[in-house]
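J.: the amino acid sequence is not available; the structure is as follows:
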């Protein structure tokens, strides 16, 4: 094994942030959970077309995003709701995307959870696995070239470590010492494929050895551990010392998506084991133990968040779909001649009622 | 004969092939324990074991490339790409390798791989679970491109594909995976490549379609039948090899042509059909050829129903073509 | 990574310090073996093994010299020499069995020849003539030889790596006592199919040997710009199996290490990556000009690690295979190469029909139509 062996940072008893900040952290994690629960229900009721839950990964996502600066680039996969919330993306914008309505900043072009928020340097997510990893390297290189002291953070899962763009992204970042923090949420399952069938390497963090920079494995359900690891990696990257791979070991407590049934491939015992490690419960009990707040306060916080989500959903459901002719926008900077012809024909079909929006 | 859906027919074909030939094996993402995200490979791993139904790591060029190696060795791998939209990391393996092996080695190293993949829109899948890009593959010499539209064809064409000797891209119309039902012959049912299916005969206009557009075009045809327009619906079944005779003969008979596909119009497969008709049946044409296709944009999410050719759009195009001359 | 400046190829990190001096001298560094050591490593009859090694390496060198000459005279269109890689090709070929499969990169043709590809047939391929099994469809140095399980190679970098893995899966499934060999260069470690190939092989513990011939240059890109990893062998860490680094200019080390690795792989212990460190002693190909990117004098210094020269220097010291015999062997091989070339050069190009063959097993429309009208289109006088 080479010098850049992986290490494990667990058992960090010291809180990483002052209590008021930790309360905000807990609130963000609980908000993500409230959105998740609501949306899973909405999908079951047929009010939402599809949904990708993140239940179980809140500490990993919030912990990572909390250690970043507003100028940093976030390159998400499709499970990064809590990252968006931490970055300050308004809940309304998130829900509009889920509904793909006329107020959706992405104009209803993508499936739910494929958010993109330019203002928050939160890149538009794609369904193909791992493609954002190499984009992050390009963003990081360009930011440094422009003199910005920022990092780019691709978010990806255990499955994505097998993808082509993980390989190219890690390799290019190593060669150019690009300011990238590779953030892998190892949630144990790539749909139905367990982590041990994804790769034969002992950890995912060790994969950094192949590219000449450090890989760190952390307990992804421990907010403090994730926060500290990312903060350190970010500092290294900004100081010009190159990229870091962080493997946050966590668990996807829900299905891969609303189209998936995890009972086909994993046991209830496994789920129970991980439910006992619920990251929200963990931070909450720490704060309770230190007397920072009470169980009653937490319950009323949950109540408040649920009703806020409820209200926002009501508002968002009032919106209609995007305008029919928006179909032809944004393919090109300006409409191409053949597309213009297609749009004319389309408008004619609309007028004649052949097409009914 | 048993009644089955299109996806069940796919499963039956795979099951039959694996049962009769120990060299047939399947590989892809989530196809084993999970039976495939659409359940096309349901039960196969249980029956044939993990060594013949492989859950692969998440890498499509790995899936196709490994299948190439297996085929070079003498196995008959059937690779599944979870969605056609995810095939592009493997494009290099398909275009540079799979389609070139036979040719570049003077026939010494044929690589017979079947790539099965669900394609097409109408399932609220947005940009990355909806596309139809058959033209990219049909214009690459060295791979056959097959698109069934009925359960019987799905089984018969897939078995032909598995026991063929050339690479085959087998595109499964996922929107009609469960809505297309019909009788499926038991056992070794084969449907030959390069033979189009005349779904309904007609005298006024030829309608060419394949995959999930066949039932949609069929509905349009049936509506118009009542108004006295008799359209001949031709299901192409295989784009490569193409039944060019059937295409030309039909238009020689009807004098008019409407071409339907989900893919965008520009450089789509319809352009090839139109060119064939211009080359071989120009003097039979009484009206301009019309294409009813997806628009030349990426595939949308919310507005997908406006994007896809509908019964109304196809019906109107047929009507106008007949009225044009 | 080793710097672009030639330095001693280091031994595997596992077996300690580099064996050869760190400062490269301008003369050949002889292989460091005495008779006792050779006998220990190669076993009896070690002299015969030495002869086999020498003959193999010399064949490669003679062929390269002759073909580069022909290319300069415009008699062949292209040539990809393997000068500097002979020790690795020969060492590898010597520990393979007939049942093993070879998935080559650009510079492994010598392996095909040593496995039994007929020299004249190979010459037909170099001229792309009518007797070429591939009907002149590929550039020179891309042979296919089914009969010796030497897969048709591609110009696309790294794609063969995953093919080797697929074939290894077949070997494992049918329980054949064979190993699938993937050869590739330093540049290919950055390719997609290196990643998928290494990963898939690890997951299924397949009988594959990955041999990375690190010749320091991917055309103009030196190692340190190819990856930030401390070695290419280290990359195996990411896939959960061993990676070793060897002196690829030392045919004895190549042979002994690969023999051991092959035995390990064959026993079902899973794949292994071997980084064979060597020096590309010629341009990337006949179309390349290294003076544009290599430091001045790089290649001259690298010649201190010419595998053939190192081997000959050892023979001198050992006094086992006198110069006169070596010269006779060279003359013999040169004559064989010349004969093969003469035979191949006079053959006509492939018949035009072959243009339309082997795309699919049975040609489909429109190719059938294009074939049928070909003579008419080509034959007539225009206008």
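T.: On my side now, so go ahead. Keep in mind it's a predicted model, so treat the numbers as computed, not measured.
J.: close to chain C, is stretch A:237-246?
T.: Yes. Using C-beta under 8 Å from any C-beta of the partner chain, stretch A:237-246 reaches chain C at residue A:242. For the C-beta atoms, the positions are set from N, CA and C on the backbone; glycine is no exception.
J.: flag every buried residue along that stretch.
T.: For stretch A:237-246, burial by neighbour count (16 or more other C-beta atoms under 10 Å in any protein chain shown) applies to A:237-238, A:242-246.
J.: among those residues, which are in helices?
T.: Judged by DSSP state H, the subset of the buried residues of stretch A:237-246 located in helices is A:237-238.
J.: for the buried residues of stretch A:237-246, which one is nearest chain C?
T.: Nearest to chain C out of these is residue A:242 (C-beta to the nearest C-beta; 7.5 Å).
J.: among the buried residues of stretch A:237-246, which pair sits farthest apart?
T.: A:238 and A:245 (16.6 Å; C-beta to C-beta).
J.: circling back: so which of the buried residues of stretch A:237-246 sit within strands?
T.: A:244-246 (DSSP state E).
J.: dump those to JSON lines, plus distance to residue C:80 and pLDDT.
T.: Formatted as JSON lines, these follow (distance: C-beta to C-beta, whole Å; pLDDT from 0 to 100):
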{"residue": "A:244", "distance to residue C:80": "39", "pLDDT": "98"}
{"residue": "A:245", "distance to residue C:80": "36", "pLDDT": "98"}
{"residue": "A:246", "distance to residue C:80": "42", "pLDDT": "98"}
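J.: on contacts alone, who are the packing partners of the helix or strand residue A:20 falls within?
T.: For residue A:20, the enclosing helix or strand under DSSP states H and E is helix A:19-44. Here helix A:19-44 touches helix A:58-66, helix A:81-86, helix A:91-99, helix A:223-238, helix A:279-289, helix A:295-317, going by 3 or more C-beta pairs under 8 Å, 6 or more residues apart in numbering or on different chains; DSSP states H and E.
J.: which other helices and strands contact the second one?
T.: To tie it back to what came earlier, the one meant is helix A:81-86. So helix A:81-86, by 3+ C-beta pairs under 8 Å, 6+ apart, packs with helix A:19-44, helix A:58-66, helix A:91-99.
J.: cool, and the fifth one?
T.: Secondary structure elements in contact with helix A:279-289, counted by 3+ C-beta pairs under 8 Å, 6+ apart, are helix A:19-44, helix A:58-66, helix A:223-238, helix A:295-317.
J.: what about that helix, average pLDDT?
T.: Averaged over helix A:279-289, pLDDT sits at 95.
J.: buried residues in it?
T.: Neighbour-count burial for helix A:279-289 flags A:279-280, A:282-284, A:286-287 (criterion: 16+ other C-beta under 10 Å).
J.: ok, residue B:107 - contacts?
T.: Counting by C-beta atoms under 8 Å, 6 or more residues apart in numbering or on different chains, residue B:107 touches C:357-358.
J.: so it versus residue C:293, what's the distance?
T.: 39 Å (C-beta to C-beta, to the nearest Å).
J.: got the residues of the stretch 151-300 of chain C near chain A?
T.: C:190, C:192, C:194-196, C:199, C:202-203, C:205, C:225-231, C:234-241, C:270.
J.: repeat that with 7 Å
T.: C:190, C:192, C:195, C:199, C:202-203, C:225, C:227-230, C:234-235, C:237-241 (C-beta under 7 Å from any C-beta of the partner chain).
J.: let me see the domain layout of chain B.
T.: With domains defined by automatic domain parsing, chain B comprises B:2-184, B:197-324.
J.: returning to what we had before: put together JSON lines for the helices and strands packed on helix A:279-289, with mean pLDDT on each row.
T.: Formatted as JSON lines, these follow (pLDDT from 0 to 100):
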{"stretch": "helix A:19-44", "mean pLDDT": "97"}
{"stretch": "helix A:58-66", "mean pLDDT": "98"}
{"stretch": "helix A:223-238", "mean pLDDT": "98"}
{"stretch": "helix A:295-317", "mean pLDDT": "97"}
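J.: now tabulate the ones you listed in a markdown table and tack on distance to residue A:197.
T.: Listed next are the helices and strands packed on helix A:279-289 as a markdown table, based on distance: least, C-beta to C-beta, whole Å:
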| stretch | distance to residue A:197 |
| --- | --- |
| helix A:19-44 | 27 |
| helix A:58-66 | 22 |
| helix A:223-238 | 25 |
| helix A:295-317 | 37 |
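J.: among those, which comes closest to residue B:279?
T.: helix A:19-44 (50.8 Å).
J.: low-confidence bits of the chain, can you list those?
T.: You didn't pick a chain, so chain A it is. A:1-13 (pLDDT under 70).
J.: chain B is the one I meant
T.: Short version for chain B, where the test is pLDDT under 70: none.
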